[in-house]
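Enquirer: Predicted model follows, preceded by the sequence.
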Amino acid sequence: AILTAPEQVAASKQYDFIIVGAGTAGCVIAARLTEDPSVKVLLIEAGVSDNGTQSDTINVPLLAGSGIGTMFDWNYTTTAQAGLNGRLIDYPRGFVLGGSSSINGMIYARGSSEEYDRLANVSGDAAWSWNNLKKYILKNERHTPPWNNRSNVGEYDPRVHGNGPLLTGLTPTVFEADKRVIRMTEDLPNQYPFNLDLNSGNGLGFGWLHTTVGDSARSTSASAYLHPALNSRSNLDLLLHTQVTRLVSTLGNHTFKGVQVAQSATAANYSFTAKKEVILSAGSVGTPHLLMLSGIGPSQQLQSVGIPPILDLPDVGANLQDQSILTLQWAVNGTTLSGFFSDPTAFGAALAQYAVNETGIAAGNTVVNTIGFMRWPNNSPVLTARDPAAGPNSPHFQFSFLETFYPNVGQVAPTTGNWLSVSVVVQSPTSHGSLNITSPSPFVHPTINPAFYTTLFDIRTAIHAIRTLISLLATPAWDGFILEPFLAVAALSTDDEIEAYIRTFADSLKHPTSTAKISKTTDTGGVVGPDLLVKGATGLRIVDASVLPSAVAGFPQAEVYIVAERAADLIKSAWSLT
Ligand SMILES: Cc1cc2nc3c(=O)[nH]c(=O)nc-3n(C[C@H](O)[C@H](O)[C@H](O)COP(=O)(O)OP(=O)(O)OC[C@H]3O[C@@H](n4cnc5c(N)ncnc54)[C@H](O)[C@@H]3O)c2cc1C
């Protein structure tokens, strides 16, 4: 059942599990646990439905990205970023069923197998390794053809895709820039190798991008997992528009099987108790915030804002990692989507066509179809002290090829010409920030400091990536296509100039992780053990991006889905469920 107010939860109902957050991970857990008809689950989501008047913003692939800053977003902001000239950065997180999977950029790239092997090493549990996770990797996702049934032969490896509920696919339209990327991999395979499938565990090279688009619509954790379960099962209740404000320690000790909820700062509080476990899936911001509100975290910090500490876990909120993004733009000779995006009539016509029969440019992934993952050369001095990549076959930086002028913060897109933008991402940053609590009120946002570009490695890697990109676009594959760089790009020559560009324009890629990170059972640090149970607590597990040990070697949503699939089995096995 879908409930919209806490008083609708029947007092007589005894839930086995309470899941906090119907986001990417939370919907997977809710759907998998309720496969056992004997289990009763209450899923609590602070945000809104994905099936309302503005749900096109979520569902129409062309509109990906436009949920940012709307009612579907928690609308967080970072602290002033010392590495970005003191700028404050918008920090979106999904405030809607499906969580961030409903407002994200839809890229589905599992990345390097070494990422998962690192998870196994850090947690001391070999079951988290790539090879041992194979079942869950395939259980989550399914490749589907684009709306126009364009053949994808040679653009992906069907053997590495499964038969799961989440739909993914490749672009319905190939652009000139995509052809040039592939030609470059044919011309210079040693420098720029072709990667047949970025979901195969091979984390390096250039290839076609899978996005979470299937049947002409965005596929989310809610559309793929939650709604089918809600539609067919009576053992799952979803409580919407309701924030969990505190975890309650039921026995007056470290057993956290209760939650307190409210619909606003002034509304009444209600409490619910789980018979078996509370599962926190509130995301890399929501999860550490809620732990701290409940007295679980760095004791001194909690005391300083008037929260009585119950469980001292200094790593709650610490270790925040994120990846940053900026773009460089070139005028090109050939049609891109620049004209389409600057023509409201054409844009409107595409949406009108979509409304009629879910076809056309609005029905598939559009802006970015090809991507490349690269490393520093292995003998680079910058790697001498420590290589932060997940392993020797994992990337340090990444390029995405965007079929339009993609402005950096504060830039305005030219209204004429055809443009190619390439985004530059430092994939394995060494900067670490933190998330801190400033008030005992659950309705006051925590402070979020990703600490972008506060290490020499990160700035040197971004400079190296930009230089690599400029020389990449000078290879023969791009002849006759690239006309000239945009003004701000043309001005880049010295390292100082490139560094200034980075600090002026870098933004968040919106990939925060590690604020409740996993560690070995025997480690004193970390927040959860290999079974994702909170260290020192009973009845409390965390399943979301916050447990990941570091910024991911691929794109995070794929890993979150995979972790959640295995976590569901861990929970089932702990309680002998089917
Ligand atoms: C704009 C944007 C673009 C992105 N682009 C990509 C991309 O292209 N590819 C990719 O792989 N990743 C991308 N990401 C990142 C990716 O979406 C996230 O890493 C992933 O979805 C996180 O999943 P999660 O389960 O940890 O959290 P979420 O999916 O964010 O779920 C957390 C849920 O908990 C709810 N919640 C929080 N606190 C409470 C509370 N106290 N009570 C009740 N409910 C609560 C939230 O409302 C939300 O629904 C992007 C993210 C954003 C925001």
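Expert: That came through fine. Residues are numbered from 1 along each chain as shown.

Enquirer: Which part of the stretch 51-200 of the chain gets nearest to the ligand, residue-wise?
Expert: Gly99 (2.5 Å; CB to the nearest ligand atom). No exception for glycine: its C-beta is placed from N, CA and C like everyone else's.

Enquirer: quick one: low-confidence ranges for the stretch 151-300 of the chain?
Expert: Residues of the stretch 151-300 of the chain meeting the criterion pLDDT under 70: 251-252.

Enquirer: try 80 this time
Expert: 250-253 (pLDDT under 80).

Enquirer: which bits of it sit near the ligand?
Expert: Remark: the part of the stretch 151-300 of the chain in contact with the ligand comprises Gln243, Val244, Ser281, Ala282, Gly283, Ser284, Gly286, Leu290, using CB under 6 Å from any ligand atom.

Enquirer: how close does the fifth one get to Thr211?
Expert: Taking CB to CB, to the nearest Å as the measure, Gly283 and Thr211 are separated by 21 Å.

Enquirer: Just the ones of the residues of the stretch 151-300 of the chain next to the ligand in helices?
Expert: Gly283, Ser284, Gly286, Leu290 (DSSP state H).

Enquirer: For the stretch 151-300 of the chain, just list every one of the strands.
Expert: With DSSP state E, counting those that start in this stretch, the ranges of strands along the stretch 151-300 of the chain come out as 166-168, 205-208, 213-214, 217-218, 236-239, 243-248, 258-262, 270-280, 296-297.

Enquirer: so what's the residue of the chain found nearest the ligand closest to, chain neighbours aside?
Expert: At 1.8 Å from the ligand, Gly23 is the closest residue in the chain, using CB to the nearest ligand atom. Spatial nearest neighbour of Gly23, chain neighbours left out: Gly99 (2.1 Å); criterion: CB to CB, 6 or more residues apart in numbering.

Enquirer: Can you name the residues that contact the one you found?
Expert: Gly21, Ala22, Gly23, Thr24, Ala25, Gly26, Cys27, Gly47, Arg93, Ser221, Gly283 (CB atoms under 8 Å, 6 or more residues apart in numbering).

Enquirer: So among those, which ones count as buried?
Expert: Buried members of the contacts of Gly99, counted by 16 or more other CB atoms under 10 Å: Gly21, Ala22, Gly23, Thr24, Ala25, Gly26, Cys27, Gly47, Arg93, Ser221, Gly283.

Enquirer: secondary structure element for the second one?
Expert: Ala22 is part of no helix or strand, with elements assigned from DSSP states H and E.

Enquirer: how close does it get to Val367?
Expert: Taking CB to CB, one finds Ala22 at 28 Å from Val367.

Enquirer: swap in the fifth one?
Expert: Spatial separation of Ala25 from Val367 under the definition CB to CB is 26 Å.

Enquirer: Grab the nearest non-local neighbour of Tyr116.
Expert: Leaving aside its sequence neighbours, Tyr116 sits nearest to Trp130 (CB to CB, 6+ apart; 4.1 Å).

Enquirer: Kindly supply the ChimeraX command isolating those of the ones in helices among the residues of the stretch 151-300 of the chain next to the ligand that are buried.
Expert: Buried residues within these, by 16+ other CB under 10 Å, are selected in ChimeraX with:
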select :283,284,286,290
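
Enquirer: What about Ser441, how many residues nearby?
Expert: By other CB atoms under 10 Å, the residues close to Ser441 number 12.

Enquirer: cool, and Phe397?
Expert: As a burial measure, Phe397 scores 24 neighbours (other CB under 10 Å).

Enquirer: rewinding a little: state the distance from the residue nearest to Tyr116 to Pro193.
Expert: 20 Å.

Enquirer: Neighbour count: these two, which is higher?
Expert: A count of neighbours by other CB under 10 Å puts Trp130 above the other of Trp130 and Pro193, at 19 against 15.

Enquirer: So which residues on the stretch 401-550 of the chain come close to the ligand?
Expert: Proximity of the stretch 401-550 of the chain to the ligand (CB under 6 Å from any ligand atom) is limited to residues Lys510, His511, Asp544, Ala545.
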